[in-house]
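> let me see the structure of the following:
(one chain, ligands or ions: 1)
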Amino acid sequence: MQKETVPNSHNPRQDVSKIRKRLIAAKDKGFEIFNDTVAFPRDARIIKEIVAKHRTNEDTRPSRVVDIGSGTGGLGKALHDIGVNVVSTDIENWHHHNGTVPFVRATADRLPFGTDTFDVSTLWFVLHHTDDPVKVLKEAARVSDLVIVQEDTVRTDGPKWWRQLQQITYERHVENFQIINTNSRSTPTSYTNDDWLTSFEKAGLEVVEAKQVHKPGNPVRKIQYVLKESETIFK
Ligand SMILES: C[S@@+](CC[C@H](N)C(=O)[O-])C[C@H]1O[C@@H](n2cnc3c(N)ncnc32)[C@H](O)[C@@H]1O
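All right, here's what the predicted structure looks like:
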């Protein structure tokens with residue numbers, strides 16, 4: 001007897017994956033609203049101050065910033081709103097501000113910009129989504145004078161269970177991100193402050209300034225690092 005085929009057969013696994021995708025998208029939307037209204041305008045003012053402090057009087061070129069791994073483009077928009085020349089770039093086109101902030105689709109480890117085109121490059125929560133953060137840092141340092149990074153870092157003080165919980169949520173965050181962004185590839189890794197310092201050193205960068213920043217997301221500490229190329233002959 002011929003087997004009956006059921007059209008549009010129900011697959012509960014597909015339902016779970018759809019629900020998971022919707023939940024991740026809803027959570028990301030919430031973060032985006034907070035970032036666009038509170039965090040990015042504050043970040044933009046700080047970046048503008050850093051650019052001004054870093055510039056010498058002889059430098060008459062207009063100051064320029066490149067936001068690498070720009071996501072929906074909120075940081076670029078906030079910079080543009082306070083008069084900073086900014087270009088956004090990302091491996092994926094999620095950009096919401098076409099027409100206001102120029103957007104270039106590119107992978108962060110091969111940027112289509114000349115050496116020292118920018119005063120500052122920003123990498124906001126991008127490195128942990130890439131396979132080779134050192135390569136990305138070197139590329140950011142090639143195209144700009146200063147590199148500013150905001151990153152998730154696991155705290156290593158406190159009880160062991162707390163460290164493990166941070167590692168699980170950190171790695172789950174990276175996995176969830178890859179469900180939404182299939183171009184974003186990295187082995188989920190939970191970086192500590194020491195891991196980041198090692199990556200900066202390997203990229204030939206030294207930390208000028210580091211401070212904790214407060215943003216929603218997974219429960220790990222978020223740190224902003226201002227980096228410049230080490231004045232060393234051993235590059
Ligand atoms: C967590 S989101 C952060 C977005 C934005 N910087 C922000 O703070 O809202 C990470 C971003 O990095 C981008 N990304 C991941 N891997 C990348 C790569 N290799 N090159 C360029 N962008 C990348 C993703 O597409 C995503 O937009």
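
> remind me which residues of this structure are low pLDDT?
Along the chain, segments meeting pLDDT under 70 span 1-10, 12-16, 232-235.

> in it, what residue comes closest to the ligand?
Nearest to the ligand, among the residues of the chain, is Gly71, at 2.7 Å (Cβ to the nearest ligand atom). C-beta here means a position set from N, CA and C on the backbone, and glycine is covered the same way.

> wasn't that residue part of a strand?
No - looking at Gly71 with DSSP: H, G, I helix; E, B strand; the rest coil, it is coil, so not inside a strand.

> just checking, it touches Asp90?
Yes - using Cβ atoms under 8 Å, Gly71 is in contact with Asp90, at 6.5 Å.

> write out the residues of the chain neighbouring the ligand.
35, 69-71, 90-92, 94, 107-108, 124-126, 129-130, 181, 184 (Cβ under 6 Å from any ligand atom).

> which residues are contacting the longest helix along the chain?
Longest helix of the chain, by residue count under DSSP state H: helix 12-34. Applying Cβ atoms under 8 Å, 6 or more residues apart in numbering, the external contacts of helix 12-34 come out as 72, 74, 176-177, 179-180, 215-217.

> using a markdown table, please lay out those together with secondary structure and distance to Arg142.
Listed next are these as a markdown table, based on DSSP: H, G, I helix; E, B strand; the rest coil; distance: Cβ to Cβ, whole Å:
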| residue | secondary structure | distance to Arg142 |
| --- | --- | --- |
| Thr72 | coil | 26 |
| Gly74 | helix | 25 |
| Asn176 | helix | 31 |
| Phe177 | helix | 26 |
| Ile179 | helix | 32 |
| Ile180 | helix | 29 |
| Lys215 | coil | 28 |
| Pro216 | coil | 32 |
| Gly217 | coil | 29 |
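
> among those residues, which one is most surrounded by other residues?
Ranked by neighbour count (other Cβ atoms under 10 Å), the contacts of helix 12-34 have Gly74 at the top, with 27 neighbours.

> thought that one was touching Val38?
No - Gly74 lies out of contact with Val38 (Cβ under 8 Å); the separation is 10.5 Å.

> for Phe40, pull up the helix or strand it's in.
Secondary structure assignment for Phe40, by DSSP states H and E: helix 40-54.

> where do the helices sit along the chain?
Assignment of helices within the chain using DSSP H yields the ranges 12-34, 40-54, 74-81, 133-143, 160-180, 193-202.

> winner for burial among those?
Stretch with highest mean neighbour count among the helices of the chain: helix 74-81 (a mean of 24; mean count of other Cβ atoms under 10 Å).
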